[in-house]
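J.: Everything below, folded, please.
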Amino acid sequence: MDFSTFSTALLFLIVVALAFDFINGMHDAANSIATIVSTRVLSPKWAVLWAAFFNFIAFLFFGLHVAQTVGSGIIQTSIVDNRVIFGALTGAISWNVITWLAGIPSSSSHALIGGLVGAALSKVGISAIVWAGLGKTIVAIFMSPAVGFVLALVLVLLVSWAFLRVAPIKVDSTFRWLQFVSASLYSLGHGANDAQKTMGIIAVLLFSNGMMGATFEVPFWVVISCQSAMALGTLSGGWRIVHTMGSKITRLTPQQGFCAETGGAITLFAATSLGVPVSTTHTITGAIVGVGAARRLSAVRWSVARGIVFAWFITMPMSGLIASAAYFVSGLFLVGK
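T.: As a prediction, this is how the structure comes out:
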């Protein structure tokens, strides 16, 4: 692709999209490393390096179904222009920064979806929405943490039964090693599902600017750029959210950390294969609550969990409102195409 043909506005928006991907990686670093850090299997420094590597190579293992959904399955591609994308990214980035500073593990994914919907509604109204794609995304808000919860709960029960007669010190040692596997799998799922959302944004931006012809697709340079930005963001960490996810919800052992990460990874693999842009934050939170509840209900700090759930419900509306405002403001300095 000849980048010299790109307008200044297009290049600017691609940079903003990659900035969102970087912030997404930074904001969601906790999702990949919270359990392995809280169980003291890895130090924070090595944990983010581990997660960043598997975030980056995720494109080797998964198709681009999620990118297709975000790029063409949430709002009509025919109404997308530079101002819509600017509004969507501004809404998502602003909400990510607000929640990151507050240490709230909200969803970067749903901030982006909310931003897209808010900007599109501001441009043409309700006809801009692709209800099938938006509908399955909203369903996933509730399904992904529920599936993560159930899978993690079942895994804890199975693992506890299988290791019932094994000495506790041997169990701890075994699952410290197994957490390297489960953390790797979860980071792969995180990198696959989350980086693809930005791929979809950049792809539809290129499509709307006439850089693809009549076929919507995701160029390979977009794939590599988004995976790199996600990995670099993960390297920068997000320690306030790591603390919330790794210790405030419930205390974790290596065995429980393994079950939470594995349950979350299975959920993300399934969603990515189906092209559903789920929240990695929702997924791992549900899994962590699941392993805590398997021990006893009082082991979960439900007040913290309620605060996280509240953030889930307001993320899409808040990012949508910010995106709507940004869409109108962008009329002062951005042309539509």
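J.: thought residue 268 was touching residue 192?
T.: Yes. Residue 268 lies in contact with residue 192 (Cβ atoms under 8 Å); the separation is 7.1 Å. Every C-beta, even on glycine, is put in place using the N, C-alpha and C of the backbone.
J.: Looking at these two, which is more packed in?
T.: residue 268 (32 against 29; other Cβ atoms under 10 Å).
J.: excluding its backbone neighbours, what's nearest the more buried one?
T.: Nearest residue to residue 268, sequence neighbours excluded (Cβ to Cβ, 6 or more residues apart in numbering): residue 189, at 2.9 Å.
J.: can you map out the helices along the stretch 201-337 of the chain?
T.: 220-236, 239-243, 254-274, 280-295, 302-330 (DSSP state H, counting those that start in this stretch).
J.: what's the closest of those helices to residue 120?
T.: Among the helices of the stretch 201-337 of the chain, the nearest to residue 120 by Cβ to Cβ is helix 302-330 (8.7 Å).
J.: returning to that earlier point: mean pLDDT for the helices of the stretch 201-337 of the chain: which is lowest?
T.: Least confident of these, judged by mean pLDDT, is helix 239-243 with a mean of 50.
J.: winner for burial among the helices of the stretch 201-337 of the chain?
T.: Neighbour counts (mean count of other Cβ atoms under 10 Å) averaged over each of these peak at helix 280-295, with a mean of 28.
J.: Tell me how far that one lies from the chain's centre.
T.: On the basis of Cα atoms, centre = their mean, to the nearest Å, helix 280-295 sits 16 Å off its chain's mean C-alpha point.
J.: Just the C-alphas of it, formatted as PDB.
T.: The C-alpha coordinates for helix 280-295 follow below in PDB (Å, rounded to 0.1, in the frame of the first residue of the first chain):
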ATOM      1  CA  THR A 280     -11.400  -9.500  28.400                       C
ATOM      2  CA  THR A 281     -11.900  -7.600  31.700                       C
ATOM      3  CA  HIS A 282     -15.400  -9.000  32.100                       C
ATOM      4  CA  THR A 283     -14.200 -12.500  31.300                       C
ATOM      5  CA  ILE A 284     -11.300 -12.600  33.800                       C
ATOM      6  CA  THR A 285     -13.300 -10.900  36.500                       C
ATOM      7  CA  GLY A 286     -16.000 -13.500  36.200                       C
ATOM      8  CA  ALA A 287     -13.400 -16.300  36.400                       C
ATOM      9  CA  ILE A 288     -11.700 -14.800  39.500                       C
ATOM     10  CA  VAL A 289     -15.100 -14.500  41.200                       C
ATOM     11  CA  GLY A 290     -15.800 -18.100  40.200                       C
ATOM     12  CA  VAL A 291     -12.700 -19.500  41.900                       C
ATOM     13  CA  GLY A 292     -13.300 -17.400  45.000                       C
ATOM     14  CA  ALA A 293     -16.900 -18.600  45.200                       C
ATOM     15  CA  ALA A 294     -15.800 -22.200  44.900                       C
ATOM     16  CA  ARG A 295     -13.900 -21.800  48.200                       C
END
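J.: same for it, what does it pack against?
T.: Judged by 3 or more Cβ pairs under 8 Å, 6 or more residues apart in numbering; DSSP states H and E, the packing partners of helix 280-295 are helix 29-38, helix 108-124, helix 131-162, helix 168-208, helix 254-274, helix 302-330.
J.: Give me the helices and strands touching the third one, please.
T.: When you say that, I think you mean helix 131-162. Packed next to helix 131-162, using 3+ Cβ pairs under 8 Å, 6+ apart, are helix 108-124, helix 254-274, helix 280-295.
J.: could you redo those helices as a markdown table and give each row distance to residue 90?
T.: Listed next are those as a markdown table, based on distance: least, Cβ to Cβ, whole Å:
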| stretch | distance to residue 90 |
| --- | --- |
| helix 108-124 | 7 |
| helix 254-274 | 26 |
| helix 280-295 | 20 |
